[in-house]
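[1] A predicted structure for the sequence below; I have some questions about it.
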Amino acid sequence: MKFLQSIKYPILKAIDFSGLTFLSPVVRLCYGEEPAVQTKKIIQWILIPALAIVAFLFAWNSASEKIHTKSGRLPSPKETMLAYGAIDTFAEYEALKEEAYLLTGSERLSELEATEALLAAIEPLVKSTTEEVTTTKAAYAETQEKLIAPFDAERNTLKETYKVDQDARKAALVAMSEALEPGDRSAYESFLAAVKEDSLKSDEEKDRLRDLKTEIDDMRDKKSKDVAAALYAQTQAAEEMQFLQKKVDQLTRDNRSEKVASSKKEIAAETETLMTLVGADALKSAKGIAKDEARLEKAETSDYAGAKTLWYQTKRSILCVFTGFIIGSAIAIPIGILCGLNSTFMAAMTPFVAIFKPVSPIVWLPICLIIASAYVPAPEDSTLMNWMWEDAWFLKNYDINPAFIASACTVALCSLWATLANTALGVASIDKDHMNVARVLKLGFWSRLFKIVIPSALPLIFAGLRISLGVGWMVLIAAELLSSSEGIGKFVWDQFNNGASDSFAKMVVVVFIVGFIGLILDRIMIVFQRLVSFEGGAAGV
């Protein structure tokens with residue numbers, strides 16, 4: 001019991017520091033502290049938000065049935081979850097194929113046997129799901145035609161009726177026009193009224209026929225849940241079969257050890273042939289062997305070249321945003337400190353802040369791309385790029401290129417302003433007594449900077465850093481989308497151009513992934529902000 005009491009306040013402090021203050025009433029209620037007050041807070045901060053989420057999901061599900069676009073219907077929550085499952089399954093398949101690519105010896109043979117057995121088992125399932133789709137589609141089409149038939153018959157009947165009526169009205173108007181006598185004003189007015197009435201009647205008939213056609217088209221476009229379920233089962237089976245076929249390839253002809261062994265045999269045979277040649281033929285053969293040996297050396301250490309998964313792209317986006325965030329902070333904090341310490345320097349910087357702060361990332365990105373491409377025109381020949389690809393363990397798996405650098409710089413240029421402004425405000429707001437004491441103690445500039453100025457301004461500096469990181473995360477997605485830099489933005493752009501049946505749903509999945517990561521980044525910055533806040537002061541929610 002004493003132990004439980006001893007951990008109460010550390011738990012509450014940890015909750016407060018993490019910004020998850022909505023959990024405090026739960027902990028306090030568990031300890032029996034003011035049950036009525038804590039229950040009210042739980043209802044306010046947990047139950048009501050949960051009900052709001054349920055209401056949102058219900059509204060989303062209802063809207064998905066009514067919102068139709070050229071890219072398809074708005075995905076429902078269920079379809080979005082299925083799209084998330086497809087994304088996760090694809091990443092799992094890529095990981096298994098990479099594993100198969102690297103297997104050697106008896107492990108490779110054992111895995112090949114197991115994969116071929118699974119492939120043989122999946123083939124009948126693919127066939128049966130294909131047949132099920134065909135049967136379900138035919139049954140639904142028949143049901144649809146029965147429902148549409150009365151509307152179609154009504155439309156055809158109306159078309160014939162309207163044609164007869166229109167011909168009759170036309171003949172009457174022709175007769176009236178031939179009977180007109182110049183100067184007979186009333187006759188002309190009657191003729192004009194008849195023409196207007198005929199035009200109005202024709203428009204009404206066209207509208208009725210158009211409405212019927214729209215209704216028929218809507219009925220034809222209405223999707224069957226049974227057909228959708230059959231198509232989903234077929235897609236799942238077909239994708240699994242395709243994965244197993246690719247995995248067999250990775251375990252046989254595309255396997256790294258097999259390709260290396262095959263290359264060694266070819267080089268050995270070419271070497272034997274070389275021993276029988278002289279002159280130009282020998283030189284040509286020797287050059288070919290040298291090239292083959294160079295390729296073999298690369299093949300022996302080659303990595304699996306599979307498709308980029310969303311989880312890889314997400315990690316690369318996080319790396320990019322932190323790169324840009326660090327660059328922006330390295331620029332903003334020193335300038336902000338100088339602005340806070342010297343009003344003249346702040347006056348000099350004000351025009352630049354006013355001009356550059358509103359500039360959109362869409363403007364910065366092409367400029368950054370041009371500069372990055374100019375300094376790294378051939379990444380494969382760049383010492384820095386090669387170091388990041390081969391020696392920097394934390395970067396070499398993420399294909400750092402000019403597009404990545406341009407995206408990071410765009411993040412820096414768009415996000416540094418909040419940090420700069422808050423740093424300047426924090427430094428300018430330092431208690432004058434602290435600075436007077438520093439003068440009395442005759443502290444030098446650097447001592448004052450690191451012992452008084454920066455520690456005193458840290459809470460506001462971290463408030464600015466928190467805002468900057470949030471801005472940078474928003475900017476990054478657009479930058480990646482426009483620069484085709486491998487990341488979440490590129491994933492969205494690829495899905496937009498893909499046109500697959502679940503592409504729309506996958507884009508909706510990305511909305512939640514981006515929001516969730518943004519929430520985590522914000523919580524992390526709240527923790528740091530509260531760690532440097534005086535007396536554990538609140539840092540916002």
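    Yep, it's here.

[2] so where's this structure uncertain?
    For the chain, the stretches flagged by pLDDT under 70 are 1, 71, 377-396, 534-541.

[3] could you pull out the strands for it?
    68-69, 72-73 (DSSP state E).

[4] ok, the last one: who's next to it in the sheet?
    Under the criterion DSSP bridges, strand 72-73 sits next to strand 68-69 (antiparallel) in its sheet.

[5] for the strand it pairs with, the distance to its chain's centre please.
    21 Å (CA atoms, centre = their mean, to the nearest Å).

[6] got the contact list for it?
    With contacts defined as CB atoms under 8 Å, 6 or more residues apart in numbering, strand 68-69 is touched by 74, 221, 504. Every C-beta, even on glycine, is put in place using the N, C-alpha and C of the backbone.

[7] pull the longest helix from the chain.
    When the chain is parsed with DSSP state H, its longest helix is helix 105-179.

[8] circling back: out of the strands of the chain, deepest packed?
    strand 72-73 (a mean of 16; mean count of other CB atoms under 10 Å).

[9] quick one: it to chain centroid distance?
    19 Å.

[10] what's in contact with it?
    64, 65, 67, 223, 501, 504.

[11] and these, which is closest to residue 511?
    Minimum distance to residue 511 across the contacts of strand 72-73 is 11.3 Å, recorded for residue 504 (CB to CB).

[12] now for the closest one, how many residues are close by?
    Neighbours of residue 504 under the rule other CB atoms under 10 Å: 22.

[13] who are the neighbours in contact with residue 115?
    Counted by CB under 8 Å, 6+ apart, residue 115 has contacts 100, 244, 247, 248, 251.

[14] which one (most neighbours) among those?
    residue 251 (26 neighbours).

[15] ok, it touching residue 112?
    Yes: at 4.3 Å, residue 251 counts as touching residue 112 under the criterion of CB atoms under 8 Å.

[16] what's the spacing between residue 132 and residue 139?
    Noted for residue 132: a distance of 11 Å to residue 139, by CB to CB, to the nearest Å.

[17] then residue 88?
    Following CB to CB, the distance that separates residue 88 from residue 139 is 32 Å.

[18] now do residue 109
    Separation of residue 109 from residue 139 (CB to CB): 46 Å.

[19] same thing with residue 521?
    Shown here: residue 521 relative to residue 139, a distance of 50 Å by CB to CB.

[20] how many neighbours does residue 471 have?
    Look at residue 471: counted by other CB under 10 Å, it has 20 neighbours.

[21] quick one, what contacts it?
    Contact analysis of residue 471 by CB under 8 Å, 6+ apart lists 414, 415, 418.

[22] is it true that the first one touches residue 363?
    No: using CB under 8 Å, residue 414 is not in contact with residue 363, being 9.8 Å away.

[23] of the two, who's got more company?
    The neighbour count for residue 414 versus residue 363, taken as other CB under 10 Å, is higher for residue 414 (26 against 13).

[24] just give the nearest non-adjacent residue to the more buried one, would you?
    Leaving out its chain neighbours, the residue that sits closest to residue 414 by CB to CB, 6 or more residues apart in numbering is residue 475, at 4.5 Å.

[25] settle this for me: that neighbour is touching residue 409, isn't it.
    No: the pair residue 475 / residue 409 is not scored as a contact, 10.9 Å apart, by CB under 8 Å.

[26] my read: residue 320 touches residue 476, true?
    Yes: applying CB under 8 Å as the test, residue 320 and residue 476 come out as touching, 6.0 Å apart.

[27] overlap in contacts, the two.
    407, 411, 487.

[28] return the subset of those lying in helices.
    Within the shared contacts of residue 320 and residue 476, residues falling in helices by DSSP H are 407, 411.

[29] run a quick neighbour tally on the closest residue to residue 201 other than its chain neighbours.
    Leaving aside its chain neighbours, residue 201 sits nearest to residue 169 (7.0 Å; criterion: CB to CB, 6+ apart). Using other CB under 10 Å, residue 169 has 17 neighbouring residues.
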